[in-house]
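Asks: Task: produce atomic coordinates for the following.
(4 chains, ligands or ions: 2)
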There are 2 protein chains.
Amino acid sequence: MQKDKKIKPVPEPTIKRLPVYLHYLNKARLEGVINISAPTIAGELKLDPTQVVKDLSFTGIKGRTKIGYNIYELIHYLEEYLGFNKTNNAFLVGAGNLGSALMAYQAGQSLGLKILAAFDISADRIGEKTGQVNVLHMNNFGEMVKRLNVSIGILTTPEHVAQEMAEKMIACRIKAIWNLTPAYLKLPENIIVQNTSMYSNVAVLLKRLEESDVVI
Amino acid sequence: MQKDKKIKPVPEPTIKRLPVYLHYLNKARLEGVINISAPTIAGELKLDPTQVVKDLSFTGIKGRTKIGYNIYELIHYLEEYLGFNKTNNAFLVGAGNLGSALMAYQAGQSLGLKILAAFDISADRIGEKTGQVNVLHMNNFGEMVKRLNVSIGILTTPEHVAQEMAEKMIACRIKAIWNLTPAYLKLPENIIVQNTSMYSNVAVLLKRLEESDVVI
DNA sequence: AATATTTAAAGAAAATTTTCTTTATAAGAA
DNA sequence: TTCTTATAAAGAAAATTTTCTTTAAATATT
Ligand SMILES: NC(=O)c1ccc[n+]([C@@H]2O[C@H](COP(=O)([O-])OP(=O)(O)OC[C@H]3O[C@@H](n4cnc5c(N)ncnc54)[C@H](O)[C@@H]3O)[C@@H](O)[C@H]2O)c1
Ligand SMILES: NC(=O)c1ccc[n+]([C@@H]2O[C@H](COP(=O)([O-])OP(=O)(O)OC[C@H]3O[C@@H](n4cnc5c(N)ncnc54)[C@H](O)[C@@H]3O)[C@@H](O)[C@H]2O)c1
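Replies: Ligands and ions are numbered 1, 2, ... in the order given. This is a model prediction of the structure:
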């Protein structure tokens, strides 16, 4: 129940920084930090202090002059704002190398998502269990979505079946797809797609490296 | 040998989009496309046509009125500009779940990087071979960097050793680190670090999903 | 108690990035 | 040939995002 006078949309760069703050704060909390100021966070993460203040203000938290933020409160506000405290159930499609890594990963660290089950078509994979996640046959996908009321799908199939599997997912009432394949998915407007391209990160790295080489 | 009158720095969003174009174009080429226009690319990738033109112009390519770009030429310019045609040799540190996925991945599809070897400290991993990449003991890292003259490191260790291993990497003359751990690395200014946070992508997905739920 | 200092918060300014507009041009149609 | 149309390219404008500036408040110090 938020009462915003003007609907200020959150900048996407802010959304992307918030989990970085959260991760850092969790680490600082374990080290016994109780109060933490924006300039301190900014110093650690090499960001502008006022940007940190602006970013954090979106969560609704109030800081205290000369003290900063209470770290527990701040973590709570961030988790609440990001939806990381809710259990965001997800199904994974394509339990291969990358898919299995994600399954193993979320077992230990919380990624904001909870992978309830994985789906594949390969007999080698079906029946396997990685990090407490069972791999089921893709045929059971629709039924399981209904049963567990899941609305998030993680797509880690080979690229050539990505479009087809994405369509199957939404036919089964999946509303949001985290697409880790390089395929550009063509889906209805109302479906939320988050593409994660490893290429893009490599490209930035190579460009920066090239720039630095030229300078020397 | 570039002769730029004014040094226009490439916008980072542009760098991130270029590999997406490249990937799409390679697919279109296989489907027999010879010439392709910016509006066509934009339509496929849901981008603004003029943005596509601007982005592509950074590679130095010249398009033709009413025709667009020659797809072979365009792919060549993009690969050249991104450095994807050179062999960018890299070493991977931490041959676990994610590391192995990356090793297996680059075997098939070119990621712009060539992982020459992986390094680990676990006896279980050392001696293994994933997608033509051998896993060696971390003790050999320094020697191998010298021998093969590698300047890019991929960091996929557990978070708690990430800082330490990053420092070891740069002590061995690694110049650029692709950091896939959630750790925020504190390294000298001259070292290039590209952080890839899965959290950030999940955060954007969850926010978009939340927004859409509210609207309904 | 008085003062100096650190900080969050809000707003302004600057920088960056995207979108819009205009222009030139070449291809295809009439 | 002439006209229409689609497009790249360049520049202007708009939107977004970051950085800077000011203010006010509360803490810690003297
Ligand atoms: N491995 C990486 O590091 C990496 C990095 C970036 C992107 N990707 C992308 O992630 C995707 C998966 O990569 P990967 O290395 O895990 O490949 P993979 O071949 O190891 O895994 C793909 C899995 O999908 C399954 N599958 C195939 N068709 C299916 C279908 N119709 N329905 C359900 N499951 C199906 C396969 O059986 C397999 O288990 C690819 O699109 C790849 O481009 C991978
Ligand atoms: N698995 C994923 O999907 C995923 C996603 C996002 C981020 N990450 C991050 O990637 C990193 C690796 O994740 P993972 O799931 O592959 O973990 P993992 O435990 O499977 O792999 C880590 C590997 O690093 C090795 N290692 C440990 N200490 C080392 C050292 N000092 N030097 C060299 N190697 C060492 C281990 O032996 C192991 O093989 C983690 O930081 C994780 O947070 C993983």
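Asks: In contact with the single nearest residue of chain A relative to ligand 1, which residues?
Replies: Nearest residue of chain A to ligand 1, counting by CB to the nearest ligand atom: residue A:96, 1.6 Å away. Every C-beta, even on glycine, is put in place using the N, C-alpha and C of the backbone. By CB atoms under 8 Å, 6 or more residues apart in numbering or on different chains, the contact list for residue A:96 reads A:120, A:125, A:156, A:157, A:158.
Asks: Next secondary structure after the lengthiest strand in chain A?
Replies: Among the segments of chain A that qualify as a strand by DSSP state E, the longest is strand A:113-120. Next in sequence after strand A:113-120, counting helices and strands by DSSP states H and E, comes strand A:129-130.
Asks: what about dumping the CA coordinates of the following helix or strand past that following strand to CSV?
Replies: The first helix or strand that comes after strand A:129-130 along the chain, using DSSP H and E, is strand A:133-137. C-alpha atoms of strand A:133-137 as CSV (Å, rounded to 0.1, in the frame of the first residue of the first chain):
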residue,chain,number,x,y,z
VAL,A,133,15.9,-29.9,-7.5
ASN,A,134,14.4,-32.8,-9.4
VAL,A,135,14.5,-33.0,-13.2
LEU,A,136,11.1,-34.0,-14.6
HIS,A,137,10.0,-34.7,-18.1
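Asks: any low-confidence regions in chain A?
Replies: Applying pLDDT under 70 to chain A flags the ranges A:1-7, A:107-110, A:214-216.
Asks: rerun that using 50 as the cut-off
Replies: A:1-6, A:216 (pLDDT under 50).
Asks: And the helices in it, which stretches?
Replies: For chain A, the helices defined by DSSP state H cover A:12-30, A:38-45, A:49-57, A:71-82, A:97-108, A:141-148, A:162-171, A:198-215.
Asks: Tell me if I'm right that residue A:33 and residue A:70 touch.
Replies: No. Counting by CB atoms under 8 Å, residue A:33 does not reach residue A:70; the two are 10.1 Å apart.
Asks: between those two, who's got more neighbours?
Replies: Between residue A:33 and residue A:70, counting by other CB atoms under 10 Å in any protein chain shown, residue A:70 is the more crowded of the two (17 against 14).
Asks: Bridged to the more buried one, which residues?
Replies: residue A:35 (DSSP bridges).
Asks: Report the separation between it and residue A:62.
Replies: Separation of residue A:70 from residue A:62 (CB to CB, to the nearest Å) stands at 10 Å.
Asks: likewise residue A:11?
Replies: 20 Å.
Asks: can you check residue A:111 too?
Replies: In this view, residue A:111 and residue A:62 are 28 Å apart by CB to CB.
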